[in-house]
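**Q** Sequence first, then the predicted structure:
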Amino acid sequence: MKPALIIGSTCVDVIINIDHLPTTAENIRPTAQSMSLGGCAYNVNHILRLLNAPHTFISPVGGGTYGDYVAKELKNAGIPVAIRVPEQPNGCCYCLVEASGERTFMSYHGVEYTFQKYWMEPYNADNYGLTYVCGLEIEESTGDNLIEYLEAHPQLQVCYAPGPRGKLIDPHRTERMMKLHPILHINEQESLDLSGKEDYQTAAAYLHEITGNTVIITLGENGTYCLEQSGDSYQIPGIPADHVEDTIGAGDSHIGAIIACLTKDIPLRDAIAYANKVASAVVGVKGASLPAELLPEL
C-alpha cells in the first residue's frame with residue numbers, strides 16, 4: 001500500500017500524577033509531574049516511525065513556551081517540522097493520572113489543532129493511500145477546511161478517530177465525515193455516543209451502515225471488536241498488561257499500529273491483533289511514547 005498521511009496535533013503533555021481527581025475546593029498533592037510530547041496525531045506518528053512504516057506527518061507547530069518545546073523535541077527526534085506558525089501559540093494537554101492509571105484530559109488548544117488547505121500544497125495526495133484525522137481537529141474552527149481537503153481528495157482512504165468529544169462535533173460536520181466512508185476507530189463508549197445504541201455490536205452495525213466501511217471498536221482489556229467493510233465481524237482478545245502505569249496514548253498507538261500494518265499490506269485481522277499488543281505495552285509506560293526497545297515484535 002502507498003504511504004500514510006498523518007494530519008493533526010503535536011502538543012505538550014503535562015502529566016500530573018494524583019491519587020484521585022479533586023472535588024470542588026479540595027486541596028490535593030500530586031505525587032509527580034512530567035512533560036513529554038503528545039497529541040493524537042503525534043502518538044500515531046510515533047508508532048509508524050517505530051515500525052518504519054512509510055508516512056508523512058503534517059502537524060503545525062506554534063510559538064511560545066510550548067511551541068518552542070515541541071519544535072526542540074521534534075528536532076531532537078529527527079522529525080521534520082512540516083508547518084511552523086510561531087506567531088500563534090502552541091497548546092498543551094494536562095493529563096491527570098489517577099493511582100489506577102486512568103487518565104483525565106484538560107486540553108488547552110493552540111495552533112496545533114488548526115488546519116489550512118494551503119499547507120498541503122507541497123504534498124501530492126495521489127502519493128498516499130490512508131490518511132489519519134482526529135475529531136479534535138474536525139471540532140475546531142478550521143474543521144471545515146480539513147473536511148473540504150478530504151472531500152477534494154477522495155482517493156485518500158480516511159481513518160477517522162472521532163475521540164471522546166466526537167458527540168460534541170457539529171452534526172453537519174459529522175455527517176460530511178461519514179459521507180467520506182471512513183474507517184472508524186473508536187472505543188466502546190464512543191461507539192454508544194455516536195450511534196445512540198445500547199451495546200457496541202449494535203452500534204458497530206449502525207455505524208457500518210452509515211459509513212459503508214470498517215468499524216473498529218476497542219474494548220480495553222477485552223480486546224477489539226471489528227466489523228469489516230465486507231460485513232465479517234470478529235472480536236480479538238486483549239493482551240493483559242503486566243503493569244498499568246497510565247492509559248495515555250493507548251488508543252492513538254492502537255490505530256497507529258493498525259495503519260502501520262496496513263501500509264505493509266498486513267491483513268486487517270492480523271493488524272488488529274498486533275495493535276492489541278502495542279496498546280498493552282503502551283499502558284505499561286509513563287506517557288504516550290513507547291520506547292523502541294519495548295515495541296512488540298511485528
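**A** Here it is on my side, so go on.
**Q** With just CA atoms, put the strand or helix carrying Y66 into PDB.
**A** Y66 belongs to helix 64-76 when elements are defined using DSSP states H and E. The C-alpha trace of helix 64-76 is given here as PDB (Å, rounded to 0.1, in the frame of the first residue of the first chain):
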ATOM      1  CA  GLY A  64       5.500  30.400  22.900                       C
ATOM      2  CA  THR A  65       6.900  28.100  25.600                       C
ATOM      3  CA  TYR A  66       5.100  25.000  24.400                       C
ATOM      4  CA  GLY A  67       5.700  25.700  20.800                       C
ATOM      5  CA  ASP A  68       9.500  26.100  21.400                       C
ATOM      6  CA  TYR A  69       9.400  22.800  23.400                       C
ATOM      7  CA  VAL A  70       7.600  20.900  20.700                       C
ATOM      8  CA  ALA A  71      10.000  22.300  18.000                       C
ATOM      9  CA  LYS A  72      13.100  21.300  20.000                       C
ATOM     10  CA  GLU A  73      11.800  17.800  20.800                       C
ATOM     11  CA  LEU A  74      10.800  17.100  17.300                       C
ATOM     12  CA  LYS A  75      14.200  18.200  16.000                       C
ATOM     13  CA  ASN A  76      15.900  16.000  18.600                       C
END
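**Q** Can you give the contact residues for it?
**A** Outside helix 64-76, the residues within contact range by CB atoms under 8 Å, 6 or more residues apart in numbering are 10-12, 35, 37, 61-62, 80-81, 84, 86, 89-92, 110-112. Glycine gets a C-beta too; all of them are placed from N, C-alpha and C.
**Q** if you set the cut-off to 7 Å instead, what comes out?
**A** Here helix 64-76 makes contact (CB atoms under 7 Å, 6 or more residues apart in numbering) with 10-12, 37, 61, 81, 86, 89-92.
**Q** so which of these comes closest to I255?
**A** T10 (16.3 Å; CB to CB).
**Q** sorry, back to before: run the chain-centre distance for the helix holding Y66.
**A** Offset of helix 64-76 from its chain centre (CA atoms, centre = their mean, to the nearest Å): 20 Å.
**Q** do stretch 137-146 as well
**A** Mean-position distance between stretch 137-146 and its chain equals 16 Å (CA atoms, centre = their mean).
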